[in-house]
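Enquirer: below is the sequence, then the predicted model.
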Amino acid sequence: MQVVKELNVQIMEELNRDIENLVLNIRGFIKNQVLGFKKKGVVLGVSGGIDSAVALTLCVQEIGKENVYGLLLPEKESAPSSKTLGAEICESLGVEYEEVPISPILESLNIYEKKEQIIKRTCPEYDARIHKTSLILPDFLDKEILNVPYIRLIKDGETIAKYRLKANDYLELIGLQGVKQRSRMVIQYMYAEKMNYVVCGTTNKTELVLGQFVKYGDGGVDLEPLADCYKTQIYALGKYLHINEEIMKRPPSADTWSHYTTDEEFYWRMPMHIMDQLLYSQEHHLPLQVIEKNTGLSGDKIEKAQRHINRISNTTEYIRAAPPVYYLNR
């Protein structure tokens, strides 16, 4: 009977099961952590995305709007909707918030200039006055399996060219982009320490397993209430919590390129619901037959995708790990 039950598993149903109880458990976790740290409340960076909207709402429900402070941390390459939606969710919950642009920090470190130099030598026709850019990877399931990053040029909303990045340029771009998340975290801790609050993170389980966060950036927080919820579950939480429909419809993104680039285009390289089902299947050791039935993928594609996931997880292990500490005479 157990085998028959396992073969009939509906992964999406399992992911979205008992959301009401999940909400209660996360709220309890938030309260316990704030009390455990002996702090007065929570500071949270509000991006206009689903993760921060869900985290903000749960914090307000558990510890009260008067004990939650929102920070809007835009920069000149952020999508305008990020600030708008972030302000709207704070106002709808009655949360006090403040906008602190991080562009001056990035400009003082020449982040934009260095980024422009890489794009210009990669894309001969690039003109910052007319082009927007994004960093993408080929679709893993339908096109290529090589992990080759490209710069995409967009004009008037249409992709006009793609240029392959050299390995060194790619690594430098990732380093430059990481400064954005680290700058935001510096500001969040400045406010948290002034107010005697904790900094609440918004990393979900999909991101955590894949190492899809910046060490000492969005990963450098005091508590992570969403870290055991796959991205699919975050949307289920958003629906249950009646999060703004515009936020619910917004594709997930780090929002660090001048053209809004989704996580499916760059990091996951496959649709969100496929990625989460594959991750859930690995976590629960589901047989290939069940994964095929749920995802609609062939066994060959599933095995390739699982190797791809394992490779990402293994190469980002250092991001999740605490720094090794040397102890004398041990």
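Expert: Yes, it's here. Numbering: from 1, shown residues only.
Enquirer: state which helix of the protein is the longest.
Expert: Across the chain, the longest stretch assigned as helix under DSSP state H is helix 167-195.
Enquirer: residues near residue 80, how many?
Expert: 10 (other CB atoms under 10 Å). Every residue, glycine included, has its C-beta placed from N, CA and C.
Enquirer: where's it relative to residue 86, distance?
Expert: Separation of residue 80 from residue 86 (CB to CB, to the nearest Å): 11 Å.
Enquirer: can you map out the strands along the stretch 101-250 of the chain?
Expert: For the stretch 101-250 of the chain, the strands defined by DSSP state E, counting those that start in this stretch occupy 132-136, 150-155, 158-164, 197-199.
Enquirer: dump those strands to TSV, plus distance to residue 214, mean neighbour count and mean pLDDT.
Expert: Formatted as TSV, those follow (distance: least, CB to CB, whole Å; neighbours: other CB atoms under 10 Å; pLDDT from 0 to 100):
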stretch	distance to residue 214	mean neighbour count	mean pLDDT
strand 132-136	14	21	87
strand 150-155	20	19	90
strand 158-164	24	13	91
strand 197-199	14	22	98
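Enquirer: and these: which comes nearest residue 25?
Expert: Closest to residue 25 of the strands of the stretch 101-250 of the chain, according to CB to CB: strand 197-199, at 18.5 Å.
Enquirer: which strands border that closest one, and is each parallel or antiparallel?
Expert: Using DSSP bridges, the strands paired with strand 197-199 are strand 41-45 (parallel).
Enquirer: low-confidence ranges in the chain?
Expert: Per-residue confidence for the chain (pLDDT under 70) gives these ranges: 1-7, 140-146, 330.
Enquirer: can you get me a residue count around residue 256?
Expert: Number of residues near residue 256 (other CB under 10 Å) recorded here: 20.
Enquirer: so it lies in a helix, does it not?
Expert: No: looking at residue 256 with DSSP: H, G, I helix; E, B strand; the rest coil, it is coil, so not inside a helix.
Enquirer: does it really touch residue 174, like I thought?
Expert: No: using CB atoms under 8 Å, residue 256 is not in contact with residue 174; the gap is 10.2 Å.
Enquirer: got the contact list for the closest residue to residue 180 other than its chain neighbours?
Expert: Spatial nearest neighbour of residue 180, chain neighbours left out: residue 256 (5.2 Å); criterion: CB to CB, 6 or more residues apart in numbering. Residue 256 is in contact with 77-78, 177, 180-181, counting by CB atoms under 8 Å, 6 or more residues apart in numbering.
Enquirer: same list (those residues) but as CSV, adding distance to residue 95.
Expert: Formatted as CSV, the contacts of residue 256 follow (distance: CB to CB, whole Å):
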residue, distance to residue 95
77, 25
78, 20
177, 28
180, 23
181, 22
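Enquirer: please check the residues you listed and keep the buried ones.
Expert: Buried members of the contacts of residue 256, counted by 16 or more other CB atoms under 10 Å: 77-78, 177, 180-181.
Enquirer: out of the residues you listed, which is nearest to residue 50?
Expert: Taking CB to CB as the measure, residue 50 sits nearest to residue 78 out of the buried ones among the contacts of residue 256, at 16.2 Å.
Enquirer: what's that closest one in contact with, if anything?
Expert: Contacts for residue 78 were tallied using CB under 8 Å, 6+ apart; they are 255-256.
Enquirer: would you say it is within a strand?
Expert: No: counting by three-state DSSP, one finds residue 78 to be coil, located in no strand.
Enquirer: cool, thanks, signing off.
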